[in-house]
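Asks: build the 3D model from these lines:
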Amino acid sequence: MPRAFDTTTAPFDRLSVEERAELVAALDIGYFRPGQKILAKGQAAEFLHIVLKGEIEEHDEDGHLIAVLGPKQIFGIRAVVHGSAGADYAASEESLVYLLPRELLLSLIRRNPEFAVFFYSDISSKLAEASRTAKSGQGLEGVLRAHIRDARLRAPTFIEASASIEQAELTMSEVEANSLLVRDGARTGIVTRTNLSKAAILSKLPLSTPIGECTSWSLITVDEGDFVYDALIAMTRHNKRRLVVTREREPVGILEDIDILGLFAGNSQLIPGRIDRAKGIEDLAIAAHDIQSQVERLHRQGVKVREIAAITSDLNRQLFRKLFDMLAPASIREVGCLYVMGSEGRGEQTIRTDQDNGLLLARPVPEEDLLRFRKEFQEALASFGFPPCPGNIMVSNPMWSQTVEDFEAQLRRWVLTPDEDSPMYLGIFYDAVTVAGDPELLARAKASFVTMMTGETAAIAHFAKAIDLFPGSGGVLTSIMATVGREEPIDLKKSGTFPVVHGIRSLALEKGITEASTVDRIARIAETGLFDDAFARDLTAAFGWFMELRLRSQLRAHLAGTTEGESIIRPSDLTTLDRDLMRDGLRVVKRFREIVRNHFKLGMF
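Replies: A predicted model of the protein is given here:
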């Protein structure tokens, strides 16, 4: 009896203690030689197979390698549950495999719904259940174990103890703070707006009274490296609503109870106010940092990646709008339309990547105004942490900041006389949404583009062919799927998100669908009957899963202070369940690519 079987990995971690003992008692072990076939496509099986040692290869009906399975990975689910294996399985080296009897497996599936969901055939059901179980309770624990530096700390403002109550109140109003740190020689205290009110109203002290007389000289401090729960304990123990945050014993910020509440509820409702109140680029830079911190916080609390992207995109657009109002001269504000494209336009941006933006003008503006705005806008975004676009798709590039008339002529050239970059330019523009200025200018340009493409079967097919910029269906994609069982890195953008985004974008263009987000486009395309609702759910789920994995990778890169490898993930970073979902997702993407290729007859190009 193989008592060493690991019941702590998915899906066996969902079994009760009694069920796990029952499972382990029933297990057997099978030995397979290199090249030995274990299951044939269409064959029923009396055992569920779990790899103990070695490697098992999965092949489709054409002999293409689909996946390579290693220790703790399961295969032959369909052969056991549905009576027909979905692929051929053979050992590629000497292998030991746990054998779980079919009758016991089916009994456990009937008794335990959480365990049963793993054996659903569709990725959307698996992901829904995985999300419910993995995220339960994560929000509160994640916040309490966050470091205090992760909270939105208020910068400390110092004032001398000799300053008057009136001066202190004016200073608080000027810096929009509810407290000041008070210096009196070597000692430091704190005075709050409540202290000032009590001194002036209840104690009837003159406004000229030095604030040293109403200052608390017993500071309650926490270090920025402490956990949030340390701050909560300190606030409760000392009955304080705010603490002084220190770094190497020097004050670096003020933490209020509402700031901790912001960690639980998120700061998305507070950031727009900071953007509105911003008086200069430096203030907007702080708001931009808050937006990025919000992404990390929401992900740590278990918020779904699509919701994180929606919140982040909305906040970024408000940031861009304020920056436009600050930097654009009247000549541009009166006749201009600032827009964003790509993932920002689709509402799928999370971690800041590169700048994708443009400017349309109703009529020409003074050249010196346009040159200055192009330069200052791009530099400001770069200072906020938005790196320049490698493809130069930015306001600073004259190709992306011109009159709407000239831009329509440019669209026509990209459509009628395309070069190698035209599909990329057209694709990213089709995702554009207005951020500031006159939205009718962008609506006019997009309507012109759609009109140009209407009925142009060859032009749309050429546009769709960009889906093959990265590995396509067949051998190359199946080799990517095979790496899920090994240690080769996988590019989530090239293998997962881009094929879905561009394939759906191409179909949306053909059908005149105006929605910008990929998920909304999938739903609208399903309504046309090109694929059914079940496949639409699986495609949406797979796309969301790749976005989730990519966000994890981006956060790791961000914490390391780099953008290198921000879309790369390694199988060793994934749990067994994650790897299974990755393979399911890649299968869905492969099927979708085939739908797109067949629909547009891309094999003819």
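
Asks: now stretch 581-599 - C-alpha only, PDB.
Replies: Extracted as PDB, the C-alpha positions of stretch 581-599 are listed here (Å, rounded to 0.1, in the frame of the first residue of the first chain):
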ATOM      1  CA  LEU A 581      -5.500  24.500 -16.100                       C
ATOM      2  CA  MET A 582      -2.600  25.800 -18.200                       C
ATOM      3  CA  ARG A 583      -2.800  22.800 -20.500                       C
ATOM      4  CA  ASP A 584      -6.600  23.100 -20.700                       C
ATOM      5  CA  GLY A 585      -6.300  26.700 -21.600                       C
ATOM      6  CA  LEU A 586      -3.700  26.100 -24.300                       C
ATOM      7  CA  ARG A 587      -6.000  23.500 -25.800                       C
ATOM      8  CA  VAL A 588      -8.800  26.000 -25.900                       C
ATOM      9  CA  VAL A 589      -6.500  28.600 -27.600                       C
ATOM     10  CA  LYS A 590      -5.300  26.000 -30.100                       C
ATOM     11  CA  ARG A 591      -8.900  25.200 -31.000                       C
ATOM     12  CA  PHE A 592      -9.700  28.900 -31.300                       C
ATOM     13  CA  ARG A 593      -6.700  29.600 -33.600                       C
ATOM     14  CA  GLU A 594      -8.000  26.800 -35.900                       C
ATOM     15  CA  ILE A 595     -11.400  28.500 -35.900                       C
ATOM     16  CA  VAL A 596      -9.900  31.800 -36.900                       C
ATOM     17  CA  ARG A 597      -7.600  30.300 -39.500                       C
ATOM     18  CA  ASN A 598     -10.400  28.300 -41.100                       C
ATOM     19  CA  HIS A 599     -12.900  31.200 -41.000                       C
END
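
Asks: distance between that stretch and the chain's centre?
Replies: 21 Å (Cα atoms, centre = their mean, to the nearest Å).

Asks: regarding the chain, what is its longest helix?
Replies: Counting by DSSP state H, the longest helix found in the chain is helix 533-559.

Asks: where are the low-confidence patches of the stretch 151-300 of the chain?
Replies: Filtered on pLDDT under 70, the stretch 151-300 of the chain yields the residue ranges 236, 261-270.

Asks: ok, which stretches of it are helices?
Replies: Per DSSP state H, counting those that start in this stretch, the stretch 151-300 of the chain carries helices over the ranges 165-175, 193-197, 228-238, 257-265, 271-277, 281-300.

Asks: so which of the ones you listed is the most packed in?
Replies: helix 281-300 (a mean of 19; mean count of other Cβ atoms under 10 Å). In short, each C-beta sits where N, CA and C put it, glycine included.

Asks: show me what that helix is packed against.
Replies: helix 138-144, helix 271-277, helix 305-327, helix 367-384, helix 533-559 (3 or more Cβ pairs under 8 Å, 6 or more residues apart in numbering; DSSP states H and E).

Asks: so for the longest one, what gets flagged as buried?
Replies: Buried residues in helix 533-559, counted by 16 or more other Cβ atoms under 10 Å: 535-555, 557-558.

Asks: and the helices in the stretch 401-550 of the chain?
Replies: Using DSSP H, counting those that start in this stretch, helices in the stretch 401-550 of the chain cover 404-416, 422-430, 439-453, 457-464, 475-483, 492, 498-510, 518-527, 533-559.

Asks: the third one - what's its average pLDDT?
Replies: The average of the pLDDT scores along helix 439-453 is 94.

Asks: between it and helix 404-416, how many degrees?
Replies: Relative orientation of helix 439-453 and helix 404-416, computed by axes from the mean of the first three to the mean of the last three Cα atoms, to 10 degrees: 30 degrees.

Asks: picking up where we left off before, columns distance to residue 324 on top of the helices of the stretch 151-300 of the chain, output as TSV?
Replies: TSV is the format used below for these (distance: least, Cβ to Cβ, whole Å):
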stretch	distance to residue 324
helix 165-175	26
helix 193-197	34
helix 228-238	36
helix 257-265	27
helix 271-277	12
helix 281-300	11
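
Asks: and the gap between the closest residue in space to residue 426 that isn't next to it in sequence and residue 337?
Replies: Ranked by Cβ to Cβ, 6 or more residues apart in numbering and with sequence neighbours excluded, the top spatial neighbour of residue 426 is residue 414, at 5.4 Å. According to Cβ to Cβ, to the nearest Å, residue 414 and residue 337 sit 19 Å apart.

Asks: of the two, which one has the most company?
Replies: residue 337 (25 against 20; other Cβ atoms under 10 Å).

Asks: now do the contacts for that one.
Replies: 359, 360, 361, 404, 434, 436, 437, 438, 439, 440, 441, 442 (Cβ atoms under 8 Å, 6 or more residues apart in numbering).

Asks: now the residues you listed: which count as buried?
Replies: 359, 360, 361, 404, 434, 436, 437, 438, 441, 442.

Asks: so the fifth one touches residue 444, yeah?
Replies: Just to be clear, that refers to residue 434. No: judged on Cβ atoms under 8 Å, residue 434 makes no contact with residue 444 at a distance of 11.3 Å.

Asks: next, the distance between the ends of stretch 259-277.
Replies: End-to-end span of stretch 259-277 (Cα to Cα, to the nearest Å): 18 Å.

Asks: nearest to residue 275 among the buried ones among the contacts of residue 337?
Replies: residue 436 (12.5 Å; Cβ to Cβ).

Asks: ok, the closest one - contacts?
Replies: Taking Cβ under 8 Å, 6+ apart as the test, what residue 436 contacts is 320, 321, 324, 325, 336, 337, 338.

Asks: next: residue 496.
Replies: Taking Cβ under 8 Å, 6+ apart as the test, what residue 496 contacts is 542, 543, 546, 549, 550, 585, 586, 589.

Asks: surely residue 387 is in contact with residue 351?
Replies: No: the pair residue 387 / residue 351 is not scored as a contact, 11.5 Å apart, by Cβ under 8 Å.
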